[in-house]
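Asker: after the sequence you'll find the predicted model.
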Amino acid sequence: MSTLAKKKTIGASIKVPRLITEKTPFVYVEAYKTLRTNFNFLTANGKNRIILVTSAIQDEGKSGLAINLAISLVQAGSKVLLIDADMRNPSLHRYLRLKANVELGLSTLLTGEVKVGDCLIKTPQGVDVISGGLFPPNPTELIGSDAMRALLQIAAQQYDYVICDTPPVGLITDAAALSPLCDGVLFAVRQKFASKNQVHAAMRNLQAVNAKILGAVMTQYYTQKAGKGYGYYGYDYGYGYGQRNKK
């Protein structure tokens, strides 16, 4: 019997992020193409292939960012592994509507109960996914463990990119524990949501462990479609943070 405990579904009313599909609005797709182009510049030297995605607080769109970046990279011909490293409240399986046994995931993999092949899920979008698995009693210790390091090293040999979706670094230390094992961090900042102080505090948590911050991505950025009088929620990429998010 598994030593991990089942966890109740949390946030059933949470809005599912818009995923890139053939019906996705042009401005939304183009925003991710821009992010992908900038991201490719950052990884042009063959480094920065294991990426951690986090945010300051909850509901800033980090999981949607991780998923859509992965899809965009696959569409450009890259092989991508997406890992749900938020074992406390995994969400990628819900957002991607995965029907596989998502209880076989990162937690059961890191505790040695299953092998990678047992929990690797192939998605219609072409992204390979490892779900969060069952809720463990020691997620922070697992996320920064030698087993996690070994998993990332093996994955980096088999994939062009490995993207890890983690809990908000301003609330839980999991992202800070994992960041030394990753090549870089993408930081999601939702427009007019987290305060300037919250964002700065979260960034300091990452800097305290010498995390390499590749950039910040403003999420749920409202843009006007030219000549139409209505807008879409898109993504805006940049290296700065803080000033545009001041409440």
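Answerer: Structure's in. What do you need? Numbering: from 1, shown residues only.
Asker: how many other residues sit next to Arg49?
Answerer: Arg49: 18 surrounding residues under other C-beta atoms under 10 Å. Yep, even glycine has a C-beta here, placed from its N, CA and C like the rest.
Asker: quick check: it vs Asp128, distance?
Answerer: Distance, Arg49 to Asp128, by C-beta to C-beta, to the nearest Å: 14 Å.
Asker: check Gln153 too.
Answerer: If you go by C-beta to C-beta, the gap between Gln153 and Asp128 works out to 16 Å.
Asker: residues contacting Ala211?
Answerer: Residues counted as contacts of Ala211 (C-beta atoms under 8 Å, 6 or more residues apart in numbering) are Leu52, Ala176, Ser179, Pro180, Cys182, Gly184, Val185.
Asker: three-state assignment of Leu186?
Answerer: In terms of secondary structure, Leu186 is strand; the call rests on DSSP: H, G, I helix; E, B strand; the rest coil.
Asker: which helix or strand contains the residue nearest to it when sequence neighbours are not counted?
Answerer: Counting by C-beta to C-beta, 6 or more residues apart in numbering, Leu186 lies nearest to Val53, which is 5.0 Å off, once chain neighbours are set aside. Remark: Val53 resides in strand 50-55, with elements defined by DSSP states H and E.
Asker: which residues sit against that strand?
Answerer: Residues outside strand 50-55 that contact it (C-beta under 8 Å, 6+ apart) are 61-63, 65-66, 69, 85, 152, 155-156, 161-170, 175, 178-179, 181-190, 194, 202, 206, 211, 214.
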